[in-house]
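*Asks:* Output the structure for:
(6 chains)
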Number of protein chains: 6
Amino acid sequence: MSEFNQPISGNDLARFSGPGTYMRLPQATSLEGLDVAVLGVPMDIGTSWRSGTRFGPKQIRAESAMIRPYNMTTGAAPFDHLNIADIGDLAINTFNLPESLRIIEDSYDAILSAGVMPVAMGGDHSITLPILRAIARKHGPVSVIHVDAHADVNDEMFGEKETHGTVFRRAYEEGLLEADKVYQIGLRGTGYGPDDFKEPQGWGFQHFPASELWNRSLHNMGAEIRRDIGARPVYISYDIDSLDPAFAPGTGTPEIGGLTSMQALELIRAFKGLNVVGCDLVEVSPPYDPSGNTALVAANLIYELLCILPGRSSE
Amino acid sequence: MSEFNQPISGNDLARFSGPGTYMRLPQATSLEGLDVAVLGVPMDIGTSWRSGTRFGPKQIRAESAMIRPYNMTTGAAPFDHLNIADIGDLAINTFNLPESLRIIEDSYDAILSAGVMPVAMGGDHSITLPILRAIARKHGPVSVIHVDAHADVNDEMFGEKETHGTVFRRAYEEGLLEADKVYQIGLRGTGYGPDDFKEPQGWGFQHFPASELWNRSLHNMGAEIRRDIGARPVYISYDIDSLDPAFAPGTGTPEIGGLTSMQALELIRAFKGLNVVGCDLVEVSPPYDPSGNTALVAANLIYELLCILPGRSSE
Amino acid sequence: MSEFNQPISGNDLARFSGPGTYMRLPQATSLEGLDVAVLGVPMDIGTSWRSGTRFGPKQIRAESAMIRPYNMTTGAAPFDHLNIADIGDLAINTFNLPESLRIIEDSYDAILSAGVMPVAMGGDHSITLPILRAIARKHGPVSVIHVDAHADVNDEMFGEKETHGTVFRRAYEEGLLEADKVYQIGLRGTGYGPDDFKEPQGWGFQHFPASELWNRSLHNMGAEIRRDIGARPVYISYDIDSLDPAFAPGTGTPEIGGLTSMQALELIRAFKGLNVVGCDLVEVSPPYDPSGNTALVAANLIYELLCILPGRSSE
Amino acid sequence: MSEFNQPISGNDLARFSGPGTYMRLPQATSLEGLDVAVLGVPMDIGTSWRSGTRFGPKQIRAESAMIRPYNMTTGAAPFDHLNIADIGDLAINTFNLPESLRIIEDSYDAILSAGVMPVAMGGDHSITLPILRAIARKHGPVSVIHVDAHADVNDEMFGEKETHGTVFRRAYEEGLLEADKVYQIGLRGTGYGPDDFKEPQGWGFQHFPASELWNRSLHNMGAEIRRDIGARPVYISYDIDSLDPAFAPGTGTPEIGGLTSMQALELIRAFKGLNVVGCDLVEVSPPYDPSGNTALVAANLIYELLCILPGRSSE
Amino acid sequence: MSEFNQPISGNDLARFSGPGTYMRLPQATSLEGLDVAVLGVPMDIGTSWRSGTRFGPKQIRAESAMIRPYNMTTGAAPFDHLNIADIGDLAINTFNLPESLRIIEDSYDAILSAGVMPVAMGGDHSITLPILRAIARKHGPVSVIHVDAHADVNDEMFGEKETHGTVFRRAYEEGLLEADKVYQIGLRGTGYGPDDFKEPQGWGFQHFPASELWNRSLHNMGAEIRRDIGARPVYISYDIDSLDPAFAPGTGTPEIGGLTSMQALELIRAFKGLNVVGCDLVEVSPPYDPSGNTALVAANLIYELLCILPGRSSE
Amino acid sequence: MSEFNQPISGNDLARFSGPGTYMRLPQATSLEGLDVAVLGVPMDIGTSWRSGTRFGPKQIRAESAMIRPYNMTTGAAPFDHLNIADIGDLAINTFNLPESLRIIEDSYDAILSAGVMPVAMGGDHSITLPILRAIARKHGPVSVIHVDAHADVNDEMFGEKETHGTVFRRAYEEGLLEADKVYQIGLRGTGYGPDDFKEPQGWGFQHFPASELWNRSLHNMGAEIRRDIGARPVYISYDIDSLDPAFAPGTGTPEIGGLTSMQALELIRAFKGLNVVGCDLVEVSPPYDPSGNTALVAANLIYELLCILPGRSSE
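*Replies:* Presented below is the predicted three-dimensional model:
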């Protein structure tokens, strides 16, 4: 156990001190020996309403300083079983969306070929398309758990094919997904017409509208999804706007009537045992987060995702 | 369908662009041809604690820019069936409360006599008294659904008979209401004694304290109220402080333990089918809304109200 | 009744006016004739992450100006039965934690020996250890209801034995508690290992993790605790971080997945009838409370605590 | 000296503690024995753009807690020579502007007839008209030093004769002023035409536009005004919007290009020796003051005004 | 005079009411009959540090509601001499910087060919390159007054040739400027080496570093520049970050030690008489402007620019 | 040159990316080979009014990401001549002020004995006493340039001898200073009596009150001080509250009428050539800095201090 990276303890160095890495983990300069790489993709040029997600990774890291290594609720101890590091941010080109998506895809190819599990902190949701391209190149079409207020299945936005609102249509068209093992959870809000949701449902996508989840524990629903996926490789893409703005105001396109933090925790915990091959947490926009709550929630959800990652194969 | 006003689409003009009207609808300069008039009543001189609601209409309009025309949850498409415009703000006199109330009443007489349904964005709750006077002149005593943390049945405040805390006593005394078809939902907080609520109950008002609604869906309760009202003309007055401050902090007299946004949505959706003759959403105070959530919730609740308005008589 | 102190009525003086005392009660300069003393302990030098709780008492008082004397939900009327005053702040030494704890203990000895019930507004949680010392000196080992995200049972922090994270271990070691009548409610978050909670459970502490309370009314749980305690003297220590940050963001060590304001109200109301010998509400940090909600929640929870205090012995 | 009221020392009680009075002075319940009464007039119903000044007195008092008794720059020691207390707020009627102005006038009659010098914390500028009425009743027409971005000489606003924009025209018409000893300092911004300023100049008002004061010390200009006034009774009305919004953002009608805090200090200090008969500091609006700077500046300017008040006649 | 557009008067409609246009001018749907078009270019995808300028035009318009038509300091009355309207925002493509620059250029060609003077509210500074292309196509190489903390003469950023940091190098290379009549005012901060400024100086650009302007009136310097330019057509590009962050915090790349608002006003006023052919005010980022000051300054600087525009040729 | 540490260039990695070190310099884990160590001392337990400075180092580092290596105004290029690294934070004990001061002193002994120049980011001003103890142990009594609103020469506060308000009396008593070469610049505000300043003047301290510096360049004054110090070793202690709160609101004890950012820059630049042996920048309190300006100013002042440090002895 002791050979793995550990967060700096709050008893060794005051939490307001220390490196600006996720959970004050070591910053790795090489992928060598890592099981999991936490990384930032600081980008907001794929957003259509409020910007600011370029500062998401920085703020999530800042709020993560208070998280301790052991999960008091589930008993998970991710740093006992996995060697995890923060590998910093991808060096995207902030003036050029297509170029940035290409950089992300290339970087993911490198991470995946090193046998390291990528856990991304966004950035806007447009980062997930190049990620899925690299994931599918490695693992073939994957199951996807997509927690979000929006289905992100537009065909184009202002004539552009690759933005934060078109990700899952592109991924479907490109065959990156097992379409009938795609779960879109937390959908709500307004759209342009009934087809907005019907078309992806026609592809096989399974929809879990937020309004059907209110006032409920998500434990059972999560367990059913877990059983439905079975041993398939699965990618989890978590848009923070799946949460209600009372719980996560700092995001670009907030929609009322969303999930609670409690439901977000239940959901992730129910996924323990899945063959997760990567995950992301996107759309945290610090300039719209006066209380800091959104980044705090995001930092904790990433921690909960770390808690359900499969152990080393030798374990 | 195409002959009705439509919000500007986010695919035609970026959402951070365009007119500052509600949902970027056309601003009408005449009532001619309209079914529904969305209007602002920017006023805060009737408030007793925090002010700022004079900026409510502006901020609600700003946050409404993200709403699309089709309701993904209920399937409602209000702009397909009703000709809706933003008719701007009433030109109240910000130094003189009685004069402002008179202006509101006169303006409502004009709107109602043109056969247009008024949907008001407050402003503080004192606007509802002159509105009800005009409504009753047109429709006779009406049923009222009043969603609020407070019953607003004081006799006077600092000797004044017409403020944001005396509305429903005045309306009762003036015979503007069918008293046993008045539903006060979300009541809570502190008062001066047990009579604060007992007296209006004696008039026939039906009370639904917030503490009896916690952790519950409001769908069934809303449906019961709908059945109890039947075909009567009903006015809906929605005070944003009915919501818990976690969901709507930006208001003048917040009370903890309120409704959730989810409950607010359930409630309005359950009222589909009522013979609504007008509605308002009041007490949004932007200076106390650092995250912008309150105006966002308000903009969405107004949209949901539009979604349950009765169609054109010819439909 | 009329011989007791009353809050200034909002009908006599606008709520944005008047003294900065809790609920605009008289500020007492003597303990003579009081049943209950509301007091501030403005301190943050016992905190490990964010500071700012030194301004907690000021802000709680500011937000309390809107509370009226009668509890519309429970029918409690504390100012009819108890003579309550704000006695101001304890004059702590802001540069010296041990000295400040000593000042608190001495002050509590004086308050308790005058037969007055102390209700403290923190300040960070380190204030509760000297309070419990004084309480135990007067009442013997007491039952404790401790509502908090954290168990606060560290042995030491940076080598210090008395901080906001070590309170209940010290209190246990010093025999200030009836260990099997200690109820820690709302626990969650992360820790250093399974022993963080197992050890206090071994002492007899009863744990009610937040994750077991989600989506539930706490009425029944509260009632069970009440029955379990029976007639024992009980101290209630309420850390505002027991609430979810959506409801109470302004605190030093927020943890997601906490209680709602509604649950907080249910819990306190269920404790009506207990032999409460003192209580505190701690860890409100105004610099992290942009909406003011946290202090508003705190002011109301203190009011609800006043509503359940036992009446005068002659009653 | 020791018989006079003193602020609580920061060495006796931490500055974040203690009463919410101005400079933590005693709150007087009687005018008996006072030389100077600091009082609040919490009102914003006379404002035309942003509201919020109803919370001005509370916030000025909060920020004043850091001020110590001795003026290190000028050597003034006001609490050695004058008996000063905070007498709380006037109980205005927040729903009724004319009624509130009448209450202010009556209250000032009482204060002045007790031989006490009034120093008011606003509130919006409409409070100055009733104050001047009472002042003139006592002292006859007075010289006025009016520091403000705006001349406040409108004839009416929305048909109202008494608002925050009409004060000095009304005062002129009613003969409350010695018109050629009125000094309007800091004027700037935009208007409706050249007559906005020419007409008051025709009455004798002397204008000191902000643009002529930039990059200058105001010491000499202040000294000239002092000589011009001589021994006449003079009232000082200080609108915080005379300062540039960089120095005082929290106000209702900010205008760029204003005075600096340094100039504001120079100006008041230059008035030492005047026969001041009263003064006010108005238009601090805390909801628009995220840094708290505006109230801090206001608290200090009031202190500087106290430092130039004439001593007791026996001195 | 009366035939020209006028802002809505604050005496006709409360300033917190009315359309969201610049100064509440009419929104024009045609260029016909206009002398000056105020327009928004809501964009932030050309920024390298903080984003958010996409909301600049909205916020500048919001704060402009308080500006009245007559300039009390200079006597200018722009709405008496010019027909000015707000023509709304350019419909840029928020996902694609090059495409957006093309849209801007095309739109400017249309405005200029209609003989209308364009006054742009940014948006980030990258908008000025396509503007200058259109301006040069119409007027030939122009003199440019460029007020900014930065020279914006990078060759490329992340390999991109057209961003907010490369504008004036591109404009120079493309011959859009009269290089020795380019005035860069307010430069400061840090760079990569001495060549950062020496190279543009070699082209003929004249530099006015902020550090040489501290504590000075800019009247004379502005007058010298005006004489140096003479009758040449001149474009004014005003980056709000030329001001010190104390005066304008809400911008993407703030640099300390900048101009004051007073200097900004002096500078523009000194340019009266120039043959201005267009101007812009860029880089206002509302998410970083908690006090609203930055947009207020920007709204006023645009007004001052309107005040110095040449009159109709017939005048 | 190339062998020295360099900040990451904004052209290599977007500025919102990268390590959270000062100016994105390498974080050194050893003092070996360093000329200058930038370090954080995250502490606020020595403060008497607002806390929050424990987050100062983090926020200064965050805002420093925008600073480039070359000083465009002075031509300084510190990274060409000195090997500079961020060595992280000192591991203070946040519950214990005396213990923390001891840790600081020990750490400084180690830094100084390694021949490295320390540049500290506070933290509250109490850190400067242990720093001066270590400095004097190494260099003997030093000249001190102390830029601050307050003289910090109290004898004790609440009985404590070592707090943020007693530093320079202790340093004088302990002989750490050359008392007649101590320059206190920017003093202002209020005190307890004339002795507050007279006593330190009696020791030889030279006072430069803020009110004598208004509207002036500080270049000449700085040059005179430089000449007066000559070749003596000098320590520079820069309290951010020396600046006016318009320029630096985010601090614990703000005083109006302070220096401008421009004066702060002039002052430091005038000190070029001094034999600086260490410096600090203290009292940045991020929770009170809504615009981020204060940390931005601080980050730049530290950079300007780096620009005047003496070069390597071999140079």
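*Asks:* Please list all residues in contact with the closest residue to A:Pro57 other than its chain neighbours.
*Replies:* Counting by Cβ to Cβ, 6 or more residues apart in numbering or on different chains, A:Gly40 is the residue found nearest to A:Pro57 once chain neighbours are left out, at 2.8 Å. C-beta here means a position set from N, CA and C on the backbone, and glycine is covered the same way. Contacts here follow Cβ atoms under 8 Å, 6 or more residues apart in numbering or on different chains; on that basis A:Gly40 touches A:Gly56, A:Pro57, A:Lys58, A:Ile60, A:Arg61, A:Gly88, A:Asp89, A:Leu90, A:Ala120, A:Met121, A:Gly123, F:Ser17.
*Asks:* Which ones among those lie within helices?
*Replies:* Per DSSP state H, helices hold the following members of the contacts of A:Gly40: A:Gly56, A:Pro57, A:Lys58, A:Ile60, A:Arg61.
*Asks:* For F:His146, state which of the contacts of A:Gly40 is nearest.
*Replies:* The closest of the contacts of A:Gly40 to F:His146 turns out to be A:Lys58 (Cβ to Cβ; 33.7 Å).
*Asks:* That closest one and chain B, how far apart?
*Replies:* Using Cβ to the nearest Cβ, to the nearest Å, A:Lys58 is found at 19 Å from chain B.
*Asks:* can you tell me how far that residue sits from A:Pro69?
*Replies:* With distances taken as Cβ to Cβ, to the nearest Å, A:Lys58 is found 22 Å from A:Pro69.
*Asks:* Name the nearest residue to the residue in the stretch 101-250 of chain A that chain F sits nearest to, sequence neighbours excluded.
*Replies:* Going by Cβ to the nearest Cβ, chain F is nearest to A:Gly123 of the stretch 101-250 of chain A, at 10.4 Å. Nearest in space to A:Gly123, with sequence neighbours left out and distances taken as Cβ to Cβ, 6+ apart, is A:Val41 at 3.9 Å.
*Asks:* what sits against the one you found?
*Replies:* A:Pro57, A:Asp89, A:Leu90, A:Ile92, A:Ile104, A:Ala120, A:Met121, A:Gly122, A:Gly123, A:Ile127, A:Asp280.
*Asks:* okay, the second one: pLDDT?
*Replies:* What the model reports as pLDDT for A:Asp89 is 97.
*Asks:* Go ahead and confirm it touches F:Arg15.
*Replies:* No: look at A:Asp89 against F:Arg15 with Cβ atoms under 8 Å: they stay out of range, at 11.0 Å.
*Asks:* What is the three-state secondary structure of the residue nearest to A:Pro57?
*Replies:* strand (DSSP: H, G, I helix; E, B strand; the rest coil).
*Asks:* bridging residues for it?
*Replies:* Beta bridges link A:Gly40 to A:Asp89, A:Met121 when assigned by DSSP bridges.
*Asks:* Please tell me how far it sits from A:Gly123.
*Replies:* Applying Cβ to Cβ to A:Gly40 and A:Gly123 gives a distance of 7 Å.
*Asks:* again, but for A:Gly159
*Replies:* 22 Å.
*Asks:* cool, and A:Arg68?
*Replies:* The gap separating A:Arg68 from A:Gly123 is 26 Å, by Cβ to Cβ.
*Asks:* and these two? which has more neighbours close in?
*Replies:* Taking neighbours as other Cβ atoms under 10 Å in any protein chain shown, A:Arg68 and A:Gly123 compare with A:Gly123 leading, 32 against 19.
*Asks:* any chance you could read off phi and psi for A:Phe271?
*Replies:* As for A:Phe271, its main-chain torsions (degrees, to the nearest 10) stand at phi -90, psi 0.
*Asks:* That one: neighbour count?
*Replies:* Number of residues near A:Phe271 (other Cβ under 10 Å) recorded here: 20.
*Asks:* For it, give me its contacts.
*Replies:* Going by Cβ under 8 Å, 6+ apart, A:Phe271 touches A:Ile145, A:Gly222, A:Ile225, A:Arg226, A:Ile236, A:Ile308.
*Asks:* Mind checking which of the residues you listed land in helices?
*Replies:* A:Gly222, A:Ile225, A:Arg226, A:Ile308.
*Asks:* so which residue of the stretch 201-315 of chain A comes closest to chain E?
*Replies:* A:Pro287 (3.6 Å).
*Asks:* if we can go back for a sec, touching both of A:Gly40 and A:Gly123, which residues are there?
*Replies:* Common neighbours of A:Gly40 and A:Gly123 (Cβ under 8 Å, 6+ apart) are A:Gly56, A:Pro57.
*Asks:* Could you look up the SS state of the residue in the stretch 201-315 of chain A that chain D sits nearest to?
*Replies:* Closest residue of the stretch 201-315 of chain A to chain D, Cβ to the nearest Cβ: A:Pro290 (9.6 Å). A:Pro290 falls in the coil class when you classify it by three-state DSSP.
*Asks:* just checking, it touches B:Pro290?
*Replies:* Yes: at 4.3 Å, A:Pro290 counts as touching B:Pro290 under the criterion of Cβ under 8 Å.
*Asks:* Per-residue pLDDT of A:Arg312, please?
*Replies:* A:Arg312 carries a pLDDT score of 73 in this model.
*Asks:* next one: A:Pro194
*Replies:* Looking at A:Pro194, its pLDDT reads 89.
*Asks:* and if you look at A:Asn11?
*Replies:* 84.
*Asks:* Quickly list what the nearest residue to it once chain neighbours are set aside is bridged to.
*Replies:* Leaving aside its sequence neighbours, A:Asn11 sits nearest to C:Met157 (Cβ to Cβ, 6+ apart; 6.5 Å). Taking DSSP bridges as the rule, C:Met157 bridges to C:Glu160.
*Asks:* show me what contacts C:Met157?
*Replies:* A:Asn11, C:Ser48, C:Thr163, C:Gly165, C:Thr166, F:Phe95.
*Asks:* Can I get these in a markdown table including distance to E:Gly273 and secondary structure?
*Replies:* Listed next are those as a markdown table, based on distance: Cβ to Cβ, whole Å; DSSP: H, G, I helix; E, B strand; the rest coil:
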| residue | distance to E:Gly273 | secondary structure |
| --- | --- | --- |
| A:Asn11 | 70 | coil |
| C:Ser48 | 63 | coil |
| C:Thr163 | 69 | coil |
| C:Gly165 | 69 | coil |
| C:Thr166 | 73 | coil |
| F:Phe95 | 67 | coil |
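*Asks:* Next one: A:Met72 relative to C:Leu187, how far apart?
*Replies:* Taking Cβ to Cβ, one finds A:Met72 at 7 Å from C:Leu187.
*Asks:* close enough to count as contact, the residue of the stretch 201-315 of chain A closest to chain E and E:Tyr288?
*Replies:* Yes: between A:Pro287 and E:Tyr288 there is a contact at 6.6 Å, judged by Cβ under 8 Å.
*Asks:* higher neighbour count, those two?
*Replies:* E:Tyr288 (24 against 21).
*Asks:* List the residues that contact the more buried one.
*Replies:* Counting by Cβ under 8 Å, 6+ apart, E:Tyr288 makes contact with A:Pro287, E:Arg50, E:Gly52, E:Pro249, E:Gly250, E:Thr251, E:Gly252, E:Thr294, F:Ser291, F:Gly292.
*Asks:* A:Asp289: what's its closest spatial neighbour, skipping adjacent residues?
*Replies:* A:Gly250 (2.5 Å).
*Asks:* ok, A:Asp93 - contacts?
*Replies:* In this structure residue A:93 is Asn, not Asp. A:Asn93 makes contact with A:Glu99, A:Ser100, A:Ile103, E:Phe158, E:Gly159, E:Glu160 under the criterion Cβ under 8 Å, 6+ apart.
*Asks:* Most neighbours out of those residues, which is it?
*Replies:* Within those, A:Ser100 tops the neighbour count with 27 neighbours, counted by other Cβ under 10 Å.
*Asks:* Can you tell me how far it is from A:Leu129?
*Replies:* Separation of A:Ser100 from A:Leu129 (Cβ to Cβ): 11 Å.
*Asks:* same check, this time on A:Arg24
*Replies:* A:Arg24 is 31 Å from A:Leu129, by Cβ to Cβ.
*Asks:* I'd say A:Gly258 and A:Ser242 touch.
*Replies:* Yes: shown here, A:Gly258 and A:Ser242 form a contact pair, counting by Cβ under 8 Å, at 6.0 Å.
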